[in-house]
Structure formats: C-alpha cells, structure tokens
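Asks: Compute the structure for the input listed below.
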Amino acid sequence: MPELPEVETVRRGLSPHIEGRKITSVHLARPDLRFPFPDGFAERLTGATITHFGRRAKYLLAEMEKSGETFYWLSHLGMTGRYMLEAPNQDKLEPGLYAHEVAQPVALKHVHVRLEFADGTHLSYADPRRFGFMDLVEGAPDNTPFLKDLGPEPLSNGFHLEMLLAACKTRKSPIKNVLLDQRVVSGLGNIYVCEALFMAGVSPRRLAANVGAKRLARLVPAIRDVLARAIEAGGSSLRDFADSDGKLGYFQHNFLVYDQEGKPCSTKTCHASIQRIVQSGRSSFYCPNCQR
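Replies: This next block holds a predicted model:
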C-alpha cells in the first residue's frame, strides 16, 4: 500500500494540472470500489472546481467549490489505484502507474472513474484490485471517519519529541506497532518505519514504554529525514508504485534494511546481517547489532 511519500509524489504530480479546473462531467463505470460511491457522487462533483489538491496522511484530499459552497473529495489509492491525466491533443500522463521495472498500460476495464474538465482534459482513476475508495466530505475535512482520529503529520510541527514521549510512555506494544498506529502519527507505513528505526538505532522489538527519551530524540529526526529523502526520490516502486508521470520511484535503491534480509549491515563497523521477523502480520527488517 502506498505510504506518505508515494501519495505525496502523486499529489505533487497532479496538482499543477488540475487545480483551478472545473469538472464538467463525471462517469462512473461501476457503483463501487472497495466501498460504494457516496449517494450523488457524480452529480456533486459535476460543476465543481478543484481549488486545492492536497494530502492528509495516506489520503488525497481535493478542496472543491461549487455554487459558493466548499466541500472535499477524498480518495485512497489502496494497493493498485492510479490516476491518469489526458489533455486534448497531448500525450497521456499516467499518474500512479504501478509496476516493477517497466510501465504497463492500464486495461480499459480497470478505469472506474472518469472526469472531464472544461478544457477537454480528462482525469481517470483505474484500480485493478479495487482496494481504493472515494468519499465526499461536507464542511471540515475531518468530518469523515477516515480522517477524524488521525494523529499529526510526521513532517508537521505537531510531530515532536514531547508528543511521541506522551504517546509511548504507557504503551506495552513494540515501538514499531505504535509508529504504525495512524492515531499516533499519520501517514507512516511499514517501509519507512523500518528504515527510520534503523537510522535511530532502535529495535522494532523494543516495547514503546521502554524506548526512553534518548532513543526517541534520535527517532523523531530519523523519521523526518527518511520521509523527506523518499519524497525527493519519488517514493518507492515496490510492486505497486510510480509517480504522476508514470516514472518509477527510486528510493528503494537506498533502502538500508527494508527487504535486505541476509545482506550485510550497511554500518561500516558492523559485521552482522539484516534479519527479518514478523510483527502483527508485517515483515520487520533490522540489524540485531546496531538496533537495541
């Protein structure tokens, strides 16, 4: 599932092309994705202008204006969702193209949503597995169960040592599980938590309440750094992700521990190998020597 850097990469790719555009028609090829579309979904979007195309955690969040009212169009890419933008008399851009090495065209049968803008540009959403979903949010963005309980963004001022100390001090679950809890900090996923824990020298097995201020003080900047570098690199192309132009991300070539089981630790003075364990159904990769 795309994590914060991947979703942010798609947002950055799409926003210059769709902000300020008015939607003139909406076609739904089916009544649902992971969940049914909201009642009146197509009618509500038709005639609306995308005033801002943003992101909250792992969700894309478009601010919409119609007849003087503001509402929000929320979408989640699931595992295989992607947007495609096609301008009149121009080559197609394929946002969110999912592949390993070579970009593959999406089959028409997997295009489930198609929007047309006033200038003839089309924005389509394709999702072969249909794990993604969309929602309409009236009023404030948090007026939806998908967003209302989310913790602070890890790249925002709301994410800091004191906040993480308070979240961890009574938690008896492993620190990795706490960081993956979207109510604690939003947008983090398995890949970048593994990387950040390695950078901070914290074992994914250590109980959150026992991490302590010294280790957490290393973890906060490590999380910020790994996310910033992943966004700069365009995310990670692990089976499922490419950016808004269909180009694969390259951060996977910089992984220090994720998916590196059995390989030597990248720390020059360490002679251990990266190990893999399973925690709550997810693979954790770590160095047993460098991470305590």
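
Asks: Okay, buried residues for the longest helix seen in the chain please.
Replies: Criterion DSSP state H: the longest helix present in the chain is helix 212-233. Within helix 212-233, the residues that count as buried by 16 or more other C-beta atoms under 10 Å are 215-216, 218-220, 222-223, 226-227, 230-231, 233. Using the backbone N, CA and C atoms, a C-beta is placed for each residue, glycine as well.

Asks: Quick check: which element contains P141?
Replies: For P141, there is no host helix or strand (DSSP states H and E).

Asks: quick one: the nearest residue to it once chain neighbours are set aside from E153, how far?
Replies: Leaving out its chain neighbours, the residue that sits closest to P141 by C-beta to C-beta, 6 or more residues apart in numbering is Y72, at 5.2 Å. Separation of Y72 from E153 (C-beta to C-beta, to the nearest Å): 17 Å.

Asks: Show me which of those two is the more surrounded one.
Replies: Set side by side, Y72 and E153 show more neighbours around Y72, with 23 against 18, by other C-beta atoms under 10 Å.

Asks: tell me which residues of the host helix or strand of the more buried one are tucked away?
Replies: Using DSSP H and E, Y72 maps to strand 69-76. Residues of strand 69-76 classed as buried by neighbour count (16+ other C-beta under 10 Å): 71-76.

Asks: roughly how far is it from the heart of the chain?
Replies: With C-alpha atoms, centre = their mean, to the nearest Å as the basis, strand 69-76 stands 17 Å off its chain's centre.

Asks: Show me the strands paired with it, marking each as parallel or antiparallel.
Replies: With DSSP bridges as the test, strand 69-76 is paired with strand 59-66 (antiparallel), strand 133-138 (antiparallel).

Asks: Following element in sequence after that strand, please.
Replies: strand 82-86.

Asks: Neighbouring strands of that following strand in the sheet, and parallel or not?
Replies: Strand 82-86 sits in its sheet next to strand 92-93 (antiparallel), strand 122-126 (antiparallel), going by DSSP bridges.

Asks: Next, the residues that contact the last one from outside, please.
Replies: Right, strand 122-126. Strand 122-126 is contacted by residues 14, 18, 75, 81-86, 106, 110-117, 132, 134 when judged by C-beta atoms under 8 Å, 6 or more residues apart in numbering.

Asks: Let's see that strand as CSV, backbone CA atoms only.
Replies: What follows is strand 122-126, C-alpha atoms only, in CSV (Å, rounded to 0.1, in the frame of the first residue of the first chain):
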residue,chain,number,x,y,z
HIS,A,122,-9.8,14.0,-18.7
LEU,A,123,-8.8,12.7,-15.3
SER,A,124,-9.3,8.9,-14.9
TYR,A,125,-9.0,6.6,-12.0
ALA,A,126,-8.0,3.0,-12.6
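
Asks: okay, G40: pLDDT?
Replies: For G40, the model assigns a pLDDT of 97.

Asks: Can you lay out the strands paired with strand 69-76 as CSV showing mean neighbour count, distance to H122 and mean pLDDT?
Replies: Shown next, in CSV, are the strands paired with strand 69-76 (neighbours: other C-beta atoms under 10 Å; distance: least, C-beta to C-beta, whole Å; pLDDT from 0 to 100):
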stretch, mean neighbour count, distance to H122, mean pLDDT
strand 59-66, 20, 16, 98
strand 133-138, 18, 17, 97
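
Asks: I'd like to know which of those lies nearest to D32.
Replies: Among the strands paired with strand 69-76, strand 133-138 comes nearest to D32, with 8.3 Å by C-beta to C-beta.

Asks: Can you name the element that comes right after that closest one?
Replies: helix 161-168.

Asks: shaky segments in this protein?
Replies: Scanning the chain with the threshold set as pLDDT under 70 gives 1, 89-107, 234-253.

Asks: Domain ranges for it, per the record?
Replies: By the assignment in automatic domain parsing, the chain contains the domains 4-138, 161-286.

Asks: Can you convert these into CSV and add a column each for distance to K148?
Replies: CSV is the format used below for the domains of the chain (distance: least, C-beta to C-beta, whole Å):
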stretch, distance to K148
domain 4-138, 10
domain 161-286, 10
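
Asks: For P145, find the nearest of the ones you listed.
Replies: Evaluated over the domains of the chain, closeness to P145 peaks at domain 4-138, with 9.1 Å, by C-beta to C-beta.

Asks: thought A217 was touching E162?
Replies: No: taking contacts as C-beta atoms under 8 Å, A217 lies outside contact range of E162: 10.5 Å.
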